[in-house]
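[1] here is my input; please provide its structure:
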Amino acid sequence: MKKLFLNGMALLTLAGCAQAEKHVKYQNPVLNINFPDPFVLKTSEGYYAYATNGEGRDIQMAFSKDLVNWEVKGDALGGLPFWAQGGLTWAPEVIQNEGKYLMYYTLRDRESNYQCISIAESDSPAGPFKDTSDKPLICQADEGGSIDASPFRDQNGDLYLYWKNDGNAIGFLTYIYGQKLSKDGKTLLDKPVQLIHNRELWEGNLVEAPTMHYQEGYYYLLFSASDFASDLYGVGYAVGKSPLGEFKKFEDNPIVYSVGEVAGPGHQTVTTDDAGNTWLVYHAWTAGFTGDDVGKRTMRIDPIQFKDGKVSFKEPTLSEQEGPVIK
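    A predicted model of the protein is given here:
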């Protein structure tokens, strides 16, 4: 604790009384295992990361105190519902609501044989999350299925869910949908709204992995596009003034793309450090090793800024960087 001395008396300074802040150094990847489609939930005890199935787990999970040093945990999911096939659980995202933790995730519906969206619930972010549903929450079989669900709480407390129809699986267009949720987060209200779809050259045959972020009057819809198993995959964004749009895509997408040894960065999420700085969490391959048969999608972080309807992101990094602020 810092002190000043006046006439031989020690006086505590305000700086000495304040809780110290420190930057944690980081170097990507921060989690060097196959951890696809990462989502990070900030809690009072630290950060929980969840990912697509792998390593014998339906939902992979890891924990960190600082966004940099991660400990791999057990399976976050306590089994699949009876209507689902195993081995195809993808892209989990979690929100705390009414004293519970709700996980929105993708799994294979036996009846339709398409990927669909369901909800699992837990008393703790560490799980186990339990899915007691008797059918999917969303299953657009006529549009190729439904994947990549992402919950969002608006400034007034209203809940929304965003997802992608898996149209590229059957040669259709893909849309990012948005729809309002009930207060308990378990029922969809009103009608789904088509927010954006794949139409730009860089997007290829799909847009997916929606992330909604609100800051100072703007709603930023981040999304990934193109072939996930290639160096063409990247992240773009669109901006609106309400949770369901309309949304206008940035004219110079993508803003996150392959560079150097980093290939196919995407399936992003946004979190904050203890100073309120925003961080992009995403997966990427190592250049020359794209595709699950030869490589792995490791979890990475880098700073991202949102201001006046614009998103700023420099580029994916590999060298040691000044990291998150931890109190």
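[2] give me the residue at the spatial middle of this protein.
    For the chain, Thr269 is the residue whose C-alpha lies nearest the centre (C-alpha atoms, centre = their mean; 2.9 Å).
[3] report the secondary structure state of that one.
    What DSSP: H, G, I helix; E, B strand; the rest coil gives for Thr269 is strand.
[4] ok, it - contacts?
    Thr269 makes contacts with 38-40, 93, 211, 280-282, as judged by C-beta atoms under 8 Å, 6 or more residues apart in numbering. C-betas here are computed from N, CA, C, even on glycine.
[5] wait, a strand at Tyr48?
    Yes. Per three-state DSSP, Tyr48 lies within a strand segment.
[6] re earlier: out of the contacts of Thr269, which is most surrounded?
    Per-residue neighbour counts (other C-beta atoms under 10 Å) across the contacts of Thr269 peak at Tyr282, which has 31 neighbours.
[7] where does the chain dip in pLDDT?
    1-20 (pLDDT under 70).
[8] if you set the cut-off to 80 instead, what comes out?
    Low-confidence segments of the chain, defined by pLDDT under 80, are located at 1-21.
[9] longest strand anywhere in it?
    Longest strand of the chain, by residue count under DSSP state E: strand 84-97.
[10] what residues of the next helix or strand after that strand count as buried?
    Later in the chain than strand 84-97, the nearest helix or strand by DSSP states H and E is strand 100-109. The neighbour-count check on strand 100-109 (16 or more other C-beta atoms under 10 Å) flags 101-109 as buried.
[11] adjacent strands (with direction) for strand 100-109?
    Counting by DSSP bridges, the strands paired with strand 100-109 are strand 84-97 (antiparallel), strand 115-122 (antiparallel).
[12] send me the longest strand of the chain as CSV with only the CA atoms.
    Output in CSV follows, covering the C-alpha atoms of strand 84-97 (Å, rounded to 0.1, in the frame of the first residue of the first chain):
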residue,chain,number,x,y,z
ALA,A,84,-31.8,-36.2,-30.3
GLN,A,85,-29.0,-38.2,-32.0
GLY,A,86,-25.5,-38.1,-30.3
GLY,A,87,-22.3,-36.7,-31.6
LEU,A,88,-23.7,-33.6,-33.3
THR,A,89,-24.0,-31.0,-30.4
TRP,A,90,-22.8,-27.6,-31.7
ALA,A,91,-22.3,-24.0,-30.8
PRO,A,92,-23.6,-23.6,-27.2
GLU,A,93,-24.3,-20.1,-25.7
VAL,A,94,-25.4,-19.4,-22.1
ILE,A,95,-27.3,-16.6,-20.4
GLN,A,96,-28.1,-16.1,-16.7
ASN,A,97,-31.8,-15.6,-16.2
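[13] picking that back up, out of the strands paired with strand 100-109, nearest to Ile304?
    strand 84-97 (17.6 Å; C-beta to C-beta).
[14] for the stretch 1-150 of the chain, just list every one of the strands.
    3-6, 9-12, 22-23, 39-43, 46-51, 60-64, 70-72, 84-97, 100-109, 115-122, 146-153 (DSSP state E, counting those that start in this stretch).
[15] and Ile326, which of the ones you listed is closest to it?
    strand 22-23 (5.9 Å).
[16] run me through the strand neighbours of that closest one, direction for each.
    strand 325-326 (antiparallel).
[17] ok, residues contacting the partner strand?
    21-24, 65-66, 273-275, 277.
[18] please repeat the previous calculation with a cut-off of 10 Å.
    20-24, 46, 65-68, 272-277 (C-beta atoms under 10 Å, 6 or more residues apart in numbering).
[19] who wins on neighbours among those?
    Neighbour-wise, the contacts of strand 325-326 (other C-beta under 10 Å) top out at Leu67, 25 neighbours.
[20] residue contacts, the spatially closest residue to it that is not a sequence neighbour?
    The shortest distance from Leu67 to any residue other than its chain neighbours is 4.7 Å, reached at Pro324 (C-beta to C-beta, 6 or more residues apart in numbering). Residues in contact with Pro324, defined by C-beta under 10 Å, 6+ apart, are 22-26, 47, 64, 66-68, 271-275, 277, 279, 301, 303.
[21] distance of Pro324 relative to Val262?
    Distance, Pro324 to Val262, using C-beta to C-beta, to the nearest Å: 20 Å.
[22] re the thing from before, columns distance to Tyr175 on top of the strands of the stretch 1-150 of the chain, output as a markdown table?
    Output for the strands of the stretch 1-150 of the chain, formatted as a markdown table (distance: least, C-beta to C-beta, whole Å):
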| stretch | distance to Tyr175 |
| --- | --- |
| strand 3-6 | 62 |
| strand 9-12 | 59 |
| strand 22-23 | 40 |
| strand 39-43 | 21 |
| strand 46-51 | 24 |
| strand 60-64 | 28 |
| strand 70-72 | 33 |
| strand 84-97 | 16 |
| strand 100-109 | 16 |
| strand 115-122 | 14 |
| strand 146-153 | 10 |
